[in-house]
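Student: Give me the fold of what follows.
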Amino acid sequence: MNHSMNRSLNHLHHPVSATEPTFPFSYGWDAQWEAAWQEAGYGNTGLTPVRMTADFGQQFKVAAAEGEYTAENTGRLRHDSEHGTELPAVGDWLAAELLPGEQRARIHAVLPRRSKISRKAAGMPVREQIISTNVDILFLVTSLNHDFNVRRLERYLIMAWNAGAQPIVLLSKSDLCDASFRAAALVDVSLAAPGVPVHVVSAQTGEGMQEVAAYFSGGRSCALAGTSGCGKSTLTNALLGGDVQRTSGIREDDSRGRHTTTHRQMFAIPGGGVLIDTPGMRELQLWEGEEDGLSGAFPDIEALAENCRFRDCTHNREEGCAVREAVDLGELEPGRLAGYRKTERELAFLERKEKSRSSSGRAAGNGKRDQRKERRSKSWLNEE
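Tutor: Numbering: from 1, shown residues only. Model prediction:
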């Protein structure tokens, strides 16, 4: 998957109805989803397309034309899912059976995903943890306070590019910083995220909120990602026009947030489109196979590397390294190269661990046991 720095939002456009869109179109359903539904053979089965809106661990919520339903997976779906990541996640479009006279549904199948935002779950074994699916736009939220961290933002950008979602950086809580801090942060972000739209926002003063709301036009699906205390829940409340998400303050000594959002949940935006709010992450451990995301997040280094003398240049001590030359000339920030190399090492290490785990699992014949254990584990480790 190749990602352009100037990636356009045109491919995310859905036709906008002159009237208030109805379900499922208000939740992002379009001609492509309809074609996928028919191709899968669900047209005359009595099943209904629904979208998963919340995952509480042992219980799910799905949206349908008649309202919200409590849902559970069928035994066959659980049995046929080789990995836990093949089971429904927030954002998935599902083929469901709506039980007559009840607000309950049984999930029979998951439609093929257009995008998948995931990371490495904390702890062992090495496994993937899905954050949300079928997201058009991923808002990367970082607050304009002492918790502002460019290196962390680079990791979020890698996750977004690899997922197939358009990243948008939101510099939140602009009402709490002075002009000089804001200006410096904008410079740092422009260097770390070339070509990525950046908005300075404040849910308190309304600054930038109109621009953010415009991204939902045409039934787009958007999600929020960031650390606790960066303002995700406050932004959600502002976009929805009410206090739907609980919020809390931050520690004054380090501007870190307190535990508020505890699960992934989707909200319908007035006028169409949806927003997925997610728990804050103490750390973002990248999932394997994110080399494409690495290129999307560091296009400047990738472009410089094309002029290195050796194709397998590590940008360390090799002669003729165009990347190191750019650092020496002051054209590339040393910290950015350090972040690039650190991420490369992390991805290589993760790939080795996954290959080792897969080989050990096959040798011991314990693959099915690991899968059952993975499906039972619904605690979202390492989230705040």
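Student: from here on, contacts and neighbour counts on C-alpha atoms
Tutor: Fine.
Student: Can you show me the helices along this protein?
Tutor: In the chain, the helices defined using DSSP state H lie at 31-39, 75-80, 150-163, 179-192, 209-214, 232-240, 291-297, 299-305, 322-328, 334-364, 367-376.
Student: Include mean neighbour count and mean pLDDT when you put these into CSV, please.
Tutor: Below are the helices of the chain laid out as CSV (neighbours: other Cα atoms under 10 Å; pLDDT from 0 to 100):
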stretch, mean neighbour count, mean pLDDT
helix 31-39, 13, 96
helix 75-80, 13, 89
helix 150-163, 23, 85
helix 179-192, 14, 92
helix 209-214, 14, 96
helix 232-240, 22, 92
helix 291-297, 23, 61
helix 299-305, 17, 83
helix 322-328, 18, 88
helix 334-364, 14, 64
helix 367-376, 14, 43
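Student: got TSV for these, with distance to A223 too?
Tutor: Below are the helices of the chain laid out as TSV (distance: least, Cα to Cα, whole Å):
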stretch	distance to A223
helix 31-39	19
helix 75-80	26
helix 150-163	10
helix 179-192	20
helix 209-214	12
helix 232-240	10
helix 291-297	18
helix 299-305	24
helix 322-328	34
helix 334-364	24
helix 367-376	24
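Student: Which among those is found nearest to V135?
Tutor: helix 150-163 (8.6 Å; Cα to Cα).
Student: Restricting to C-alpha, output that closest one in PDB.
Tutor: Extracted C-alpha coordinates of helix 150-163, given in PDB (Å, rounded to 0.1, in the frame of the first residue of the first chain):
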ATOM      1  CA  VAL A 150       6.200  14.900  18.500                       C
ATOM      2  CA  ARG A 151       7.800  11.500  18.600                       C
ATOM      3  CA  ARG A 152       4.600   9.900  19.900                       C
ATOM      4  CA  LEU A 153       2.700  11.700  17.200                       C
ATOM      5  CA  GLU A 154       4.900  10.000  14.600                       C
ATOM      6  CA  ARG A 155       3.900   6.600  15.900                       C
ATOM      7  CA  TYR A 156       0.200   7.500  15.600                       C
ATOM      8  CA  LEU A 157       0.800   8.600  12.000                       C
ATOM      9  CA  ILE A 158       2.300   5.200  11.200                       C
ATOM     10  CA  MET A 159      -0.700   3.500  12.700                       C
ATOM     11  CA  ALA A 160      -3.100   5.600  10.600                       C
ATOM     12  CA  TRP A 161      -1.200   5.200   7.300                       C
ATOM     13  CA  ASN A 162      -0.900   1.500   7.700                       C
ATOM     14  CA  ALA A 163      -4.600   1.200   8.600                       C
END
